[in-house]
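>>> need the 3D shape of this:
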Amino acid sequence: MNRSRSMHVVLLGPQGSGKGTQAKLLAKQYKLAHIETGAVFRYFAAQHNTLGRKINRLINVEGKLIPDKMVIQVIAGAMQKVPRKQGIVFDGYPRTLAQARTFDGLLKKAGRELTHVIYIPLRQSTTIRRLSLRRICLKCRTPWISGVTIPRRAVICPQCGGKVIQRKDDTPPVIKKRLREYLKKTKPILSYYKHRGIVMTVDGEPSIGTVWRSIKKHLHDRH
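Model prediction:
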């Protein structure tokens, strides 16, 4: 089945809920473009310029969300690069109610319409456990899970030999700050979309495969 021409999906959920993984699976299955704001901003945070230092401070030091104006500029630019007939899965956007309202205008201007909002809830304890185990290769940017996909004390990437680190925003104190930001700013978006009848809730606690099968079932049941 190919719904890429009309399918536009937003994934919502706390950190560690697997939005990025499910977004990749959705993009592959339905031939969607994948716009991941987190990856874009992590790239900028690594740059040694004024904007990079500002983003690095917000993400890695203060554990806060990027200001709306900055995010919207990035999203608008990313959407312009996607062919008009191709659908898009948005991973990490919108994150605030103000962004959601502006997002409607961006989509309309681009001749697109949001068709699905997939909400993946997760317990706080699970979020902290999952994010505390995340690692990233500085060279090839491959994500790893300590004690699962790589040995617990591993510092060398099995894929490219680069250095494997724990991101500064994946430590418990910063994770808790990010969760507070999420609860305050992101969850209200759900009520904004619910009246349209496009929100589906998929439990984020099970395995990646189980969550993916649930998402596909929800999508098929709605068509």
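>>> point to the helix or strand of the chain where mean pLDDT is at its lowest.
Within the chain, no helix or strand scores below helix 37-45, which has a mean of 76 by mean pLDDT, DSSP states H and E.
>>> let me see the contact set for His116.
Met7, His8, Val9, Val10, Ile198, Met200, Leu219, Arg222 (C-beta atoms under 8 Å, 6 or more residues apart in numbering). Glycine gets a C-beta too; all of them are placed from N, C-alpha and C.
>>> drop anything exposed from the residues you listed.
Buried by 16 or more other C-beta atoms under 10 Å: Met7, His8, Val9, Val10, Ile198, Met200, Leu219, out of the contacts of His116.
>>> now do the strands in this protein.
All strands of the chain, identified by DSSP state E, fall at 8-12, 33-36, 88-91, 116-119, 134-137, 143-145, 164-165, 199-201.
>>> can I get those in a markdown table including distance to Lys54?
Output for the strands of the chain, formatted as a markdown table (distance: least, C-beta to C-beta, whole Å):
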| stretch | distance to Lys54 |
| --- | --- |
| strand 8-12 | 26 |
| strand 33-36 | 20 |
| strand 88-91 | 22 |
| strand 116-119 | 30 |
| strand 134-137 | 21 |
| strand 143-145 | 25 |
| strand 164-165 | 22 |
| strand 199-201 | 33 |
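>>> re the thing from before, for the contacts of His116, give me CSV that also has pLDDT and distance to Tyr93.
Below are the contacts of His116 laid out as CSV (pLDDT from 0 to 100; distance: C-beta to C-beta, whole Å):
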residue, pLDDT, distance to Tyr93
Met7, 93, 16
His8, 96, 12
Val9, 97, 11
Val10, 96, 7
Ile198, 93, 16
Met200, 94, 18
Leu219, 90, 20
Arg222, 69, 22
